[in-house]
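**Student:** Take this sequence and fold it.
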Amino acid sequence: MKKLFLSMIVLATMFACTAPEKKADVATSEDPDSGTWVSMDDKSAKVKQVLDGAGKLDTTLLQEVFVDTLILLDGRVGNVDSLDKIIATPGGRATLIQGEALLHSLYDNIAMTTKKGDIKTFTRSDGKVASGYWGTWSGKGKFTNQEYKIPLHMVMYWEGDKITHLYRIFDPTALNAEIAASQKK
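**Tutor:** Presented below is the predicted three-dimensional model:
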């Protein structure tokens, strides 16, 4: 009897070890943030065009890709309200273009990396679409003569073929230093 019982345990253990593993499958209704991401799509290509054009201040391209009522969110020190939300910069696309013009008045040789993997577009299971950028902004200060390389992260939310929200995270130290130097001359 002991041999039969031992044989049954060994057989059951062997069967358990060879059975396929079952993984929990999270239904999309339970996780609305699930979805897919790609890097060789039309939206990623448009973002790449905008980033590649950063050194030229191509306002036509900015007007083509961003809606007039753009919500611009800059994640930096001092731009968070009492509810821990990032304060939107007023003015929409016009403010974005004005900010880009300011950068060109402060820096030469402005460029942004657009290497493979720097730009991805996410399509959530609920249909919302966002493109993300993880790269480096670079430029040479006109007033400090300093070369800057600043890590930059951006998320751009799409409605159709236009970007409606732009969320940027960067360290503003170099920008603040260049602005301060421009005021001394």
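
**Student:** so which strand or helix has Lys43?
**Tutor:** helix 42-52 (DSSP states H and E).

**Student:** Leu103 too?
**Tutor:** Short version: Leu103 belongs to helix 92-106, going by DSSP H and E.

**Student:** contacts for that helix?
**Tutor:** 54, 57, 59, 62-63, 66-72, 89, 91, 110, 139, 141-143, 166, 175, 178-179, 182 (Cβ atoms under 8 Å, 6 or more residues apart in numbering). Any C-beta I mention is one placed from the backbone N, CA and C, and that applies to glycine too.

**Student:** What about those residues, which are in strands?
**Tutor:** Phe66, Val67, Asp68, Thr69, Leu70, Ile71, Leu72, Thr89, Ile110, Gly139, Gly141, Leu166 (DSSP state E).

**Student:** how much space between the last one and Lys142?
**Tutor:** Look at Leu166 and Lys142: by Cβ to Cβ, to the nearest Å, they are 25 Å apart.

**Student:** isn't there a helix covering Val77?
**Tutor:** No: Val77 is assigned coil when assessed by DSSP: H, G, I helix; E, B strand; the rest coil, not a helix.

**Student:** starting at the chain centroid, how far to the helix holding Leu103?
**Tutor:** With Cα atoms, centre = their mean, to the nearest Å as the basis, helix 92-106 stands 19 Å off its chain's centre.

**Student:** Can you list the low-confidence ranges for the chain?
**Tutor:** Within the chain, the stretches with pLDDT under 70 are 1-29, 185.

**Student:** Nothing else from me, thank you.
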